[in-house]
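**Student:** fold the following for me, if possible:
(one chain, ligands or ions: 1)
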Amino acid sequence: MIWTSTFLLIQAVILYFILAKRSRSSTDPPLDKGLIPWLGHALEFGRDAAKFLNRMKKKHGDIFTVRVAGRYVTVLLDPHSYDEVIKDPVSLDFSRYAQVLMERIFNLRLPGHNLNKAKGLMKKHFQGGNLALLNRTMCMQLSSLLKAEAAQNRMDWKVDGLFSFSYSLLFRAGYLTLFGGEQNNNGTDPAEVYREYQRFEALLTKMARGTLKPDEKRTTQAARQRLSEFLAPAGLGEAPGSGPWVQAYRRLLQAEGADGDMQRKALLMQLWATQGNVGPAAFWLLGFLLTNSEALAAVREEFTRVSQVETSQESAVRTPVFDSALEEALRLTAAPFMTREVVKEKTLHMADGREYLLRKGDRVCLFPFISPQMDPEIHQEPQAFKYDRFLNKDGSDKRDFYKGGKKLKYYTMPWGAGNNGCVGKQFAIDTIRQFVYLVFSHYEMELCDPEAVMPESEASSYGFGMLQPAGDLEVRYKLRASL
Ligand code: HEM
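**Tutor:** From the prediction side, this is the model:
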């Protein structure tokens, strides 16, 4: 036993020195290991990734390798070269890092799991013909929750933070639509599921980075357990309350031999995948509209031109002003890392002719938030919300954006791209459109302080999809007299 431990320790020390000794060769991107052994830049990266990566970009240019908690991560910030990463799933693997996160956040291990089958199921239920059905259910849930949400006395204003208002409503409606609820989850109140989910999500970035303190570990374990209990009946026994996708997903997990505990953890992961970004995205959009009267008037005016049924249920209806406003809100607040593991050595050909070797075992990370989304060469005044940024003068969608005089394929990337791009994109867009439409048509809503500005984003939330706000925006609302 003691020999095994000594052997492992020696191996670990040798490995440490091999890793610590890494130096840049002529084929490598610029290398920045940071001053702290092993940790490298982990602390600065975690505190505010956008600030850190902007600093590295100034120092090294649009490609560099940094050491982060023992791993070497090559960060690519030239959107003209993004396809080199997006379109090479053979050398650059998506699922390995996704599995690391699944285990860290959800304690989820699915050894026999077929990721492609699970994704196929999602495509079947969230895209194409089935999407219309999903949209109708979502619209019904949103509409009845909005009516119930207003003050009992319809003359009275109700005051709330816009973030908690938007997220709570969309989460509850999404939960009822996809996972069932009232009928099959022992009468669980979706508001209770939301509260527990918030406790869990508040620690999500720390879970992903493996930096939870002991008391936080206990909190996440308890929240995970409670959420698993809420989700336990979802999709079982053709329960009338849960949607067809969750039933099919359950059947897949069962066929693959996952036990009940792993099935519930997998459902929690899906709760996060389907609900975690939509609420925050709707908050940012609604907030930008309420703090920008010209944008608000333009979107309202467009909504009055298309009929209620169309706006709230059909993907196909054309709402270019709304689409541009949403695209703009997402440009400012969607900040995912697109991370891939180098499973086979690869020469990365940059669009300007430079070539770099990506080493096996390293990770590659795109961070489109810095470029294209906040790149002043591509988007003038990138910090400003301009609702018509993605509209041409004739009202059609604007898709021509340039960097270095060359037209860009990727001028904003809130949904990722390629094979691993967002499966739920159209459902998310339709849901947010329904939500904004229904809020405007059901409520009179205004800022409590007419001079209020949007909150900053939480610096530690870069890299995990939608940014979280560092505060909230107080609004008051009441049901319209005509309802
Ligand atoms: C505003 C809302 C949303 C945003 C901003 C968003 C963003 C993204 C992004 C950036 C990725 C790619 C990650 C990468 O390349 O590493 C992604 C993947 C994914 N999204 Fe979304 N998403 C949203 C809503 C949804 C919804 C509602 C669903 C489900 C119905 C969903 C399901 C998925 C799935 C399953 C993947 C993984 C695809 C794969 O495995 O290849 N998303 N999403």
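
**Student:** count of neighbours near the residue nearest to Lys344 when sequence neighbours are not counted?
**Tutor:** In space, and not counting its chain neighbours, Lys344 is closest to Ser91: 4.3 Å by CB to CB, 6 or more residues apart in numbering. Every C-beta, even on glycine, is put in place using the N, C-alpha and C of the backbone. Close neighbours of Ser91, defined as other CB atoms under 10 Å, add up to 19.

**Student:** could you do Gln270 as well?
**Tutor:** By other CB under 10 Å, neighbour count at Gln270 equals 21.

**Student:** if I look at it, how far off is Leu108?
**Tutor:** 10 Å (CB to CB, to the nearest Å).

**Student:** wait, Ala223 sits on Ala202?
**Tutor:** No: with contact defined as CB atoms under 8 Å, Ala223 does not count as touching Ala202 (9.0 Å).

**Student:** comparing these two, which shows the higher neighbour count?
**Tutor:** It is Ala223, of Ala223 and Ala202, that has more neighbours when counted by other CB under 10 Å, with 20 against 14.

**Student:** which strand or helix spans the more buried one?
**Tutor:** According to DSSP states H and E, Ala223 maps onto helix 214-231.

**Student:** elements contacting that helix?
**Tutor:** Here helix 214-231 touches helix 190-201, helix 260-275, going by 3 or more CB pairs under 8 Å, 6 or more residues apart in numbering; DSSP states H and E.

**Student:** mind listing what's buried in whichever helix or strand comes after that helix?
**Tutor:** Sequence-wise, the next helix or strand downstream of helix 214-231 (DSSP H and E) is helix 244-255. Neighbour-count burial for helix 244-255, counted by 16 or more other CB atoms under 10 Å, picks out 244-250, 252-253.

**Student:** which SS class is the residue nearest to Met56 when sequence neighbours are not counted?
**Tutor:** Ranked by CB to CB, 6+ apart and with sequence neighbours excluded, the top spatial neighbour of Met56 is Phe64, at 5.5 Å. Under DSSP: H, G, I helix; E, B strand; the rest coil, Phe64 falls in the strand class.

**Student:** can you start the count at 34 instead of 1 from here on
**Tutor:** Let's use 34 as the start, then, which means that last one is Phe97.

**Student:** write out the residues of this structure neighbouring the ligand.
**Tutor:** Neighbours of the ligand within the chain, by CB under 6 Å from any ligand atom: 152, 155, 159, 306-307, 310-311, 314, 367, 369, 371, 447-449, 453-457, 460-461, 498-499.

**Student:** chain center to the one helix or strand Val354 maps to: distance?
**Tutor:** Under the criterion of DSSP H and E, Val354 resides in helix 353-366. Relative to its chain's centre, helix 353-366 lies at 15 Å (CA atoms, centre = their mean, to the nearest Å).

**Student:** so what touches that helix?
**Tutor:** For helix 353-366, the surrounding residues in contact (CB atoms under 8 Å, 6 or more residues apart in numbering) are 313-314, 317-318, 321-322, 328, 331-332, 334-336, 406-407, 412, 416, 418-424, 428-431, 445, 447, 462, 465-466, 469, 490, 499-500.

**Student:** most neighbours per residue, which of the helices and strands packed on helix 247-264?
**Tutor:** helix 293-308 (a mean of 20; mean count of other CB atoms under 10 Å).

**Student:** ok, then the element right after it?
**Tutor:** Trace forward from helix 293-308 with DSSP H and E and the next one is helix 311-323.

**Student:** same for whichever helix or strand comes after that next one, what does it pack against?
**Tutor:** Counting by DSSP H and E, the next helix or strand C-terminal to helix 311-323 is helix 326-338. Using 3+ CB pairs under 8 Å, 6+ apart, the elements in contact with helix 326-338 are helix 311-323, helix 353-366, helix 458-475.

**Student:** could you dump the buried residues of helix 277-288 into JSON lines and include distance to Gly268?
**Tutor:** What follows is the buried residues of helix 277-288, written out as JSON lines (distance: CB to CB, whole Å):
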{"residue": "Pro277", "distance to Gly268": "9"}
{"residue": "Trp278", "distance to Gly268": "8"}
{"residue": "Val279", "distance to Gly268": "4"}
{"residue": "Gln280", "distance to Gly268": "5"}
{"residue": "Ala281", "distance to Gly268": "8"}
{"residue": "Tyr282", "distance to Gly268": "6"}
{"residue": "Arg283", "distance to Gly268": "4"}
{"residue": "Leu285", "distance to Gly268": "10"}
{"residue": "Leu286", "distance to Gly268": "9"}
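
**Student:** between these, which is closest to the ligand?
**Tutor:** Relative to the ligand, the closest of the buried residues of helix 277-288 is Trp278; by CB to the nearest ligand atom it sits at 8.3 Å.

**Student:** neighbours of the residue in the chain positioned nearest to the ligand, how many?
**Tutor:** Taking CB to the nearest ligand atom, the ligand has its nearest neighbour within the chain at Gly457, 2.1 Å off. For Gly457, the neighbour count with other CB under 10 Å is 19.

**Student:** next one: it from Ala314, what distance?
**Tutor:** Counting by CB to CB, the gap from Gly457 to Ala314 is 11 Å.

**Student:** ok, longest helix in the chain?
**Tutor:** For the chain, the helix with the greatest residue count under DSSP state H is helix 162-182.

**Student:** next helix or strand past that helix?
**Tutor:** Immediately after helix 162-182, counting by DSSP H and E, sits strand 191-194.

**Student:** buried ones in the very next helix or strand once past that following strand?
**Tutor:** From strand 191-194 onward toward the C-terminus, using DSSP H and E, the following helix or strand is helix 195-212. Using 16+ other CB under 10 Å as the test for burial, helix 195-212 gives 195-196, 198-212.

**Student:** contact partners for the closest residue to Phe402 other than its chain neighbours?
**Tutor:** Closest residue in space to Phe402, ignoring its immediate chain neighbours: Ala368 at 3.9 Å, by CB to CB, 6+ apart. Shown in contact with Ala368 (CB under 8 Å, 6+ apart): 83, 400, 402, 406, 490, 494-500.

**Student:** let me know the pLDDT of Ala368.
**Tutor:** Listed pLDDT for Ala368 reads 98.

**Student:** could I get the buried residues of helix 277-288 in TSV, plus columns for pLDDT and distance to Arg137?
**Tutor:** Shown next, in TSV, are the buried residues of helix 277-288 (pLDDT from 0 to 100; distance: CB to CB, whole Å):
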residue	pLDDT	distance to Arg137
Pro277	90	30
Trp278	94	25
Val279	94	24
Gln280	93	28
Ala281	94	27
Tyr282	96	22
Arg283	94	24
Leu285	96	23
Leu286	96	20
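
**Student:** counting neighbours, what do you get for Thr352?
**Tutor:** As a measure of burial, Thr352 has 20 neighbours, counting by other CB under 10 Å.

**Student:** so it touches Arg466, yeah?
**Tutor:** Yes: assessed by CB under 8 Å, Thr352 is found in contact with Arg466 at 6.6 Å.

**Student:** what bits of this protein have low per-residue confidence?
**Tutor:** 34-53, 214-220, 270-274, 340-349, 516 (pLDDT under 70).

**Student:** if we use 50, what do you get?
**Tutor:** The chain contains residues with pLDDT under 50 at 34, 217-218.

**Student:** give me the domain ranges for it.
**Tutor:** As given by automatic domain parsing, the domain ranges for the chain are 50-137+371-399, 148-367+402-512.
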